[in-house]
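>>> This is the structure alone, sequence omitted:
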């Protein structure tokens, strides 16, 4: 089994939900999200939703979380980790168009 640390990014996230880095867990893969940060590039505070999607259901990590102008929200990090299973992905949506950049760091075991 290979252990690989990876980063996935999505730029200019806005009012339509985006799968971070277009990453979806493949078959025979174990994934642990070790970091998820959302940076606000907008001139005003924006609200963000981040959620785990299992292919048919959304489970929120945060909902309507405020991110100040020029600030960032660490959704996953430190002692908190999130395990993703086959077909899972992380999605983010913001209250303003093209207002946020997102970085997701993970450990993938294949």
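Right, received. Where do you want to start? This one's a predicted model, so the numbers in the text were calculated from it and none came from an experiment.
>>> hang on, residue 97 packs against residue 14?
Yes - here residue 97 reaches residue 14: they are 4.0 Å apart, a contact under C-beta atoms under 8 Å. Bear in mind the C-beta positions are built from the backbone N, C-alpha and C, glycine included.
>>> Excluding chain neighbours, what is closest to residue 58?
Of all residues not flanking residue 58 in the chain, residue 51 sits nearest, at 4.6 Å (C-beta to C-beta, 6 or more residues apart in numbering).
>>> From residue 4, how far out is that neighbour?
25 Å (C-beta to C-beta, to the nearest Å).
>>> Adjacent strands (with direction) for whichever helix or strand residue 4 is part of?
Assigned by DSSP states H and E, residue 4 belongs to strand 3-13. Looking at strand 3-13 with DSSP bridges, its partner strands are strand 100-109 (antiparallel).
>>> model confidence over the strand it pairs with, on average?
Computed over strand 100-109, the mean pLDDT rounds to 97.
>>> Return the set of buried residues in that strand.
Buried residues in strand 100-109, counted by 16 or more other C-beta atoms under 10 Å: 100, 101, 102, 103, 104, 105, 106, 108.
>>> try stretch 56-65
Buried residues in stretch 56-65, defined by neighbour count with 16+ other C-beta under 10 Å: 61, 62.
>>> And that stretch, how far out from the chain middle?
Distance of stretch 56-65 from the chain centroid (C-alpha atoms, centre = their mean, to the nearest Å) equals 10 Å.
>>> which one of residue 97 and residue 14 has more residues nearby?
Neighbours per residue (other C-beta atoms under 10 Å) separate residue 97 from residue 14, with residue 14 holding more: 17 against 12.
>>> Phi first, then psi, for the more buried one.
phi -140, psi -140 (degrees, to the nearest 10).
>>> and it, what is it in contact with?
Contacts for residue 14 were tallied using C-beta atoms under 8 Å, 6 or more residues apart in numbering; they are 93, 94, 96, 97, 98, 99, 100.
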